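Asker: Quick one, structure for this:
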Amino acid sequence: MSESGLSGENAIVTGGGSGIGRATALRLAGEGAGVLVADIDEETAQSAAEEIRSYGGTAEVVAGDLSDQQVVDRVAATAAERLGSVDVLVNNAGIMDDMSAAADVGDAVWERLIRINLTAPFLLTRAVLPHMLGRGRGSIVFTASEASLRGSAAGAAYTAAKHGIVGLVKSTALMYRDQGVRVNAVAPGGTATNIDIGTPQAPHGPTVLGDYGRNIGRISRADEVAAAIVFLASDAADAISGTVLPVDNGWSAV
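Answerer: A predicted model of the protein is given here:
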């Protein structure tokens, strides 16, 4: 029996094919949890699932864009039907902006960042809550960002979306704290992943943000962030809900 209490539990990990999501999926499986790997990239999702299965773990895959309600419904239904329950949700999937300031962000970029980074995790949270409430327990962990704590870590669209995640975490934690559902977030700082940062046409945002880049500190590994996510998902964090845990090598202290 895992000391974390995750053995026999079942988890959904979004963005689970690579980076922090993959590291989290593997760590959860290592603790004895069944894992549904959700990712827009089916090849990387299948690769993560195959790695989990290679050492005797249980893994399912759903590929698709989580900003699509039909994909969200398929993720929730597949986890419930094939794994048997939804005990943990890790809302990790997201995309980065190009560091643009507000005056330089087009409608399409704004709407895409908000849709993927804020609306999609809301949709999946809404979809899995009935499963958790029906069992009287559950843990939801969001991947927020250093950009959810300050204005100097990303562009306007990404920063707004990640601040929105913090509000969603706190509201949901409060609403369901007496019904057995805990809701938390990690706020990674600089982390070695494959998330893409585009080059903006307008340099104002990156020029301003460059002045703060020296504060970032050591770049974390994906598995270091995953360790914090799994802790928040586990029984070891039973008294923790509504919190945002920086995993940033002290950047938030600067």
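Asker: Any regions of the stretch 101-250 of the chain where pLDDT drops low?
Answerer: 191-192, 194-202, 210-213 (pLDDT under 70).
Asker: What is the distance between stretch 102-114 and the centre of its chain?
Answerer: In terms of C-alpha atoms, centre = their mean, to the nearest Å, the centre of stretch 102-114 is set 21 Å apart from its chain centre.
Asker: since we're on residue 149, how many residues are nearby?
Answerer: A count of nearby residues for residue 149, using other C-beta atoms under 10 Å, gives 20. To be clear about C-beta, it is placed using only N, CA and C from the backbone, and glycine gets the same treatment.
Asker: ok, it - contacts?
Answerer: 166, 187, 244, 246, 252 (C-beta atoms under 8 Å, 6 or more residues apart in numbering).
Asker: among these, who's most crowded?
Answerer: In these, the most neighbours by other C-beta under 10 Å go to residue 187, 26 neighbours.
Asker: Three-state assignment for that one, please.
Answerer: strand (DSSP: H, G, I helix; E, B strand; the rest coil).
Asker: I'd assumed residue 251 was in contact with it.
Answerer: No - using C-beta atoms under 8 Å, residue 187 makes no contact with residue 251, being 9.2 Å away.
Asker: So for these two, which residues contact both of them?
Answerer: residue 146.
Asker: For the stretch 101-250 of the chain, which segments count as strands?
Answerer: 138-143, 181-188, 244-247 (DSSP state E, counting those that start in this stretch).
Asker: looking at the ones you listed, which is closest to residue 156?
Answerer: strand 181-188 (18.1 Å; C-beta to C-beta).
Asker: which other helices and strands contact the closest one?
Answerer: The contact analysis (3 or more C-beta pairs under 8 Å, 6 or more residues apart in numbering; DSSP states H and E) places strand 181-188 against helix 120-135, strand 138-143, helix 156-175, helix 222-233, strand 244-247.
Asker: No further questions, thank you.
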